[in-house]
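J.: could you work out the structure for the sequence below:
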Amino acid sequence: MVKRAIEKAKALVEAMEYIRLFRDKIVVVKLGGSVLDDPALQKKLLADVVFLATVGIRPILIHGGGKAITKAMNESGLEPQWVQGRRYTDERTMAIVEHVLVHDINASICDTIKSMGCDAMAMHSLSSCVLFADPLRFTDDQGRKIDLGLVGDVKNVNAQLLKTLCASGIIPVIAPVAIDRAGGKLNVNADSAAGKVAAAVEAEKFVSVSDTNGILTDIKDPDSNISSATEAEIKKMIETGVISSGMLPKVEACLIALDGGVKKAHIIDGQIRHSLLLEIYTEEGVGTQIEK
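T.: As a prediction, the model looks like this:
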């Protein structure tokens, strides 16, 4: 009993150094994967976010919702179409995207945070939007334009509003729907948007919460994760194919954040209990840390 108590005290003392170091600093957390699909898992992760806010860190959350959107589309009789990894978004799809992201996922996250004693503010296309985008345009090998519909690329972030909310002790919760120059709505990739938010607010850290324990050198071996890597090493792993498919957008978001001045980016497994706290408040961490 005493031994367990002593171990807990050691953990608190170790955390104290990091609490002092990151007090009043902004940490941007991108939520994705099972955290969004499992209410119990989401609640545990959000409890860690509330802990961060309680000890003086200023968290900003931005979430995805791809699986929930696909499910809602199927229930509405719509078949999702993908163009170079992006969801083709027409008016009907946009309506579903907005409803799922805003009314279902964003509202649920905000309600959970408030139930734990912290204030949260929904930031999305139906209230205070902080993401502003231009239509995303791709070209094929022949140079022909590829139509993605109402899909955007974030160009500007209302960093001042986000910083003001953080300074007031409010946790901004951002849904990845942006406003274009004409006032229309665009579906944006949550990973890249999160990286740009982190850069815009000059975050101390950017954390991508996924279903993988960081970057793996062998996707078939969950114990092959890399604990730390530089930006140059990450780019080499992309070139050699070590990093590909589902991990690529998360890594690219980290690189966007680092290029924008964020000091460190992290990829962690949200399924591991207290992974967010362990990555920030311990020397070892539990995921992959990427530095410039």
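
J.: hey, where'd the helices end up in this protein?
T.: Here the chain has its helices, by DSSP state H, at 2-22, 34-37, 39-54, 66-75, 91-98, 107-115, 159-167, 190-200, 231-239, 247-259, 275-281.

J.: may I see these organised as a markdown table, with mean pLDDT added?
T.: Output for these, formatted as a markdown table (pLDDT from 0 to 100):
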| stretch | mean pLDDT |
| --- | --- |
| helix 2-22 | 78 |
| helix 34-37 | 91 |
| helix 39-54 | 95 |
| helix 66-75 | 95 |
| helix 91-98 | 97 |
| helix 107-115 | 98 |
| helix 159-167 | 98 |
| helix 190-200 | 97 |
| helix 231-239 | 92 |
| helix 247-259 | 94 |
| helix 275-281 | 88 |
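
J.: which non-adjacent residue is nearest Asp218?
T.: Spatially, and ignoring its direct neighbours in sequence, Asp218 is nearest to Ser224 (4.3 Å; C-beta to C-beta, 6 or more residues apart in numbering). All C-beta atoms are positioned from the backbone trio N, CA, C, and that covers glycine.

J.: cool, and Lys205?
T.: Val27 is the one closest to Lys205 (C-beta to C-beta, 6+ apart), at 4.7 Å.

J.: what's the distance between that neighbour and Ala194?
T.: Val27 is 12 Å from Ala194, where distance means C-beta to C-beta, to the nearest Å.

J.: ok, now Thr230?
T.: 21 Å.

J.: neighbour-wise, which of those two wins?
T.: Neighbour count, other C-beta atoms under 10 Å: between Thr230 and Ala194, Ala194 has more, with 32 against 12.

J.: ok, now which ones touch that one?
T.: Ala194 makes contacts with 28, 30, 62, 206, 208, 253, 257, as judged by C-beta atoms under 8 Å, 6 or more residues apart in numbering.

J.: could the residues you listed go into a markdown table alongside neighbour count?
T.: Formatted as a markdown table, the contacts of Ala194 follow (neighbours: other C-beta atoms under 10 Å):
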| residue | neighbour count |
| --- | --- |
| Val28 | 30 |
| Lys30 | 29 |
| Ile62 | 27 |
| Phe206 | 29 |
| Ser208 | 32 |
| Ala253 | 28 |
| Ala257 | 29 |
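
J.: correct me if wrong: the residue nearest to Lys205 contacts Val207.
T.: Yes - in terms of C-beta atoms under 8 Å, Val27 counts as a neighbour of Val207; the distance is 6.5 Å.

J.: residues in contact with Val188?
T.: Contacts for Val188 (C-beta under 8 Å, 6+ apart) come out as 131, 133, 151-154, 176-178.

J.: swap that for Val29, please
T.: Each residue near Val29 by C-beta under 8 Å, 6+ apart is listed here: 49, 59-62, 207, 209, 276.

J.: now do Asp119
T.: When contacts are counted by C-beta under 8 Å, 6+ apart, Asp119 touches 113, 169-171.

J.: so which of the residues you listed belong to strands?
T.: Secondary structure assignment (DSSP state E) places 170-171 from those within strands.

J.: farthest pair in the contacts of Asp119?
T.: The distance between the two most remote of the contacts of Asp119 (C-beta to C-beta) is 11.9 Å, for Ile113 and Gly169.

J.: more neighbours: these two, which one.
T.: Ranked by neighbour count (other C-beta under 10 Å), Ile113 and Gly169 place Ile113 first, with 24 against 12.

J.: tell me how many other residues surround the nearest residue to that one once chain neighbours are set aside.
T.: Nearest residue to Ile113, sequence neighbours excluded (C-beta to C-beta, 6+ apart): Ala120, at 4.0 Å. Neighbour count for Ala120, taken as other C-beta under 10 Å: 25.

J.: shared neighbours of Val27 and Ala194, anything?
T.: Residues touching both Val27 and Ala194 by C-beta under 8 Å, 6+ apart: Phe206.

J.: for the residue nearest to Asp218, give me its contacts.
T.: Ser224 is in contact with 216-218, counting by C-beta under 8 Å, 6+ apart.

J.: ok, and the most crowded of these?
T.: Leu216 (18 neighbours).

J.: measure the residue nearest to that residue when sequence neighbours are not counted to Thr212 for me?
T.: If the residues on either side of it in the chain are set aside, Leu216 comes closest to Ser224, at 4.8 Å by C-beta to C-beta, 6+ apart. Relative to Thr212, Ser224 is positioned 11 Å away (C-beta to C-beta).
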